[in-house]
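Asks: Here is a sequence with its predicted model. Questions after.
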Amino acid sequence: MQIKAITNLDLFTMPHDTSIAEATVEMASREVGSVLVEKDDEIVGIFSERDLLNRVIAQGRDPKCTYLSEVMTSEMKTVNEKDNPAVALDIFNHQRIRHIPVENEQNKIIGMIGSRDLLESKAEVDYANKMVLLREMAGGLSHEMNNPMTILLATMSILEKIATSPKPDFVRLQKQIHLLNKTANRISTVVHGFNNFAQVNSNEEVKQTTIGRVLEATFNLIQEKIKANGIDLVLPENNLDTEINCRPVHLSHVFYNIIQNAFDYTKEGNNLKIDLDIESGQDLQIKIKNNGPSIPPEIREKIFEPFFTTKEVGEGTGLGLALSFGIIKEHGGELFLGKDSPDTLFVIKLPLL
């Protein structure tokens with residue numbers, strides 16, 4: 001996603017010799033917080049509400065006798081229309097300004113982007129990211145349901161034959177009923193997990209649970225898809241009973257995002273491996289490693305940035321790993337790339353109880 005997608009192209013400009021009184025009336029009527037200042041058909045500065053407060057009101061100037069050229073900000077921070085929105089977000093956070101001019105490739109100002117535009121866009125992209133994730137899960141759901149449904153139909157056919165037999169085999173009947181119950185429970189688990197995943201919200205309560213339960217809930221939603229594509233998922237055998245305080249569905253989102261991301265870049269016949277280690281009795285480390293292609297050095301520092309993606313347009317929003325990073329941070333932990341591994345290694349550190 002580029003900044004031009006959320007740029008306001010309706011440029012609001014005023015001549016440099018406009019009085020502050022006139023400018024503020026016009027800004028209020030348009031319900032905007034800034035105006036671009038123009039001289040000889042060129043943009044020479046920007047005047048904002050902050051300039052009004054700091055350079056006019058705070059200094060006791062008369063708005064009727066003070067002009068834009070006297071109090072405007074001439075050294076403007078600008079962004080390029082092809083920049084990642086994260087560039088604008090960084091400026092908003094560090095410069096504490098609310099509006100930034102947007103330039104095209106010829107360094108001509110073509111519009112403005114406001115902090116509110118970015119936040120509204122992020123909310124839309126957050127929603128789009130969730131929809132992409134749910135669409136991926138819906139595809140995975142067909143894999144997860146296909147095998148149990150096949151078993152279910154076959155078992156029902158066998159039960160019908162046993163029931164209509166002159167001499168029913170009750171031992172076989174009992175085994176088939178047991179298989180039927182097991183398969184139905186499997187379907188129920190998948191559907192329940194999908195519903196939980198789809199309905200996650202920011203108000204999910206923090207609970208004490210084991211890391212094994214969270215991982216199991218995630219695997220229930222993706223294991224058949226991985227098997228169907230010839231990828232071997234190596235699950236951890238130790239420390240599954242380690243207890244943590246977490247928002248289980250949020251944490252499951254993180255695992256799903258990282259496993260799905262690894263899945264996208266892991267070729268058939270390769271494997272995904274998950275290890276659980278306890279470091280110095282203080283942190284639980286979850287290591288998710290795939291032996292597919294490694295992440296190039298030039299993008300390692302960017303993969304957790306909002307909107308950054310190497311996927312084709314329409315295949316990803318660039319928010320999956322950024323959201324995962326934020327969720328782990330909210331849990332008091334860390335999410336980072338392992339440095340010394342020849343494979344792609346994601347490391348999640350969570351505090352122990």
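Replies: Arrived safely, thanks for sending. As the structure is a computational prediction, the values presented were derived from the model and not from experiment.

Asks: Identify all contacting residues around the host helix or strand of Leu276.
Replies: Per DSSP states H and E: Leu276 is located in strand 271-279. Strand 271-279 has contacts (C-beta atoms under 8 Å, 6 or more residues apart in numbering) with 211, 215, 226, 231-236, 238-240, 242, 259, 262-263, 266, 284-291, 349, 352. (Each C-beta comes from the backbone N, C-alpha and C, glycine too.)

Asks: Among those, name the ones in strands.
Replies: Within the contacts of strand 271-279, residues falling in strands by DSSP state E are 232-234, 284-290, 349.

Asks: neighbours of Asn181, just the number please.
Replies: Each residue near Asn181 was counted by other C-beta atoms under 10 Å, and the total is 11.

Asks: can you check Asp275 too?
Replies: By other C-beta under 10 Å, 17 other residues sit near Asp275.

Asks: quick one: the strand holding Leu276 to strand 283-290, angle?
Replies: Compare the direction of strand 271-279 with that of strand 283-290 by axes from the mean of the first three to the mean of the last three C-alpha atoms, to 10 degrees and you get 170 degrees.

Asks: Report pLDDT for Glu334.
Replies: For Glu334, the model assigns a pLDDT of 92.

Asks: I meant His253, not that one.
Replies: Per-residue confidence (pLDDT) for His253: 83.

Asks: For the helix or strand it falls within, buried residues please.
Replies: Element membership for His253 (DSSP H and E) is helix 248-265. Neighbour counts using 16 or more other C-beta atoms under 10 Å place 248-263 of helix 248-265 among the buried residues.

Asks: now do stretch 174-185
Replies: Residues of stretch 174-185 classed as buried by neighbour count (16+ other C-beta under 10 Å): 176, 179-180, 183.

Asks: Those in strands, which ones?
Replies: Using DSSP E, the subset of the buried residues of stretch 174-185 located in strands is empty.

Asks: so which of those comes closest to Leu68?
Replies: Thr183 (73.6 Å; C-beta to C-beta).

Asks: From what I see, the closest one and Thr150 are in contact.
Replies: No - counting by C-beta atoms under 8 Å, Thr183 stays clear of Thr150, with 9.3 Å between them.

Asks: quick revisit: report the buried members of the ones in strands among the contacts of strand 271-279.
Replies: Using 16+ other C-beta under 10 Å as the burial test, the ones in strands among the contacts of strand 271-279 include 233, 284-290, 349 as buried.

Asks: Tabulate those (CSV), appending pLDDT.
Replies: Listed next are those as CSV, based on pLDDT from 0 to 100:
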residue, pLDDT
Leu233, 77
Leu284, 91
Gln285, 90
Ile286, 91
Lys287, 89
Ile288, 87
Lys289, 84
Asn290, 80
Lys349, 92
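
Asks: which one among these gets closest to Val71?
Replies: Nearest member of those to Val71, counting by C-beta to C-beta, is Lys349, at 49.3 Å.
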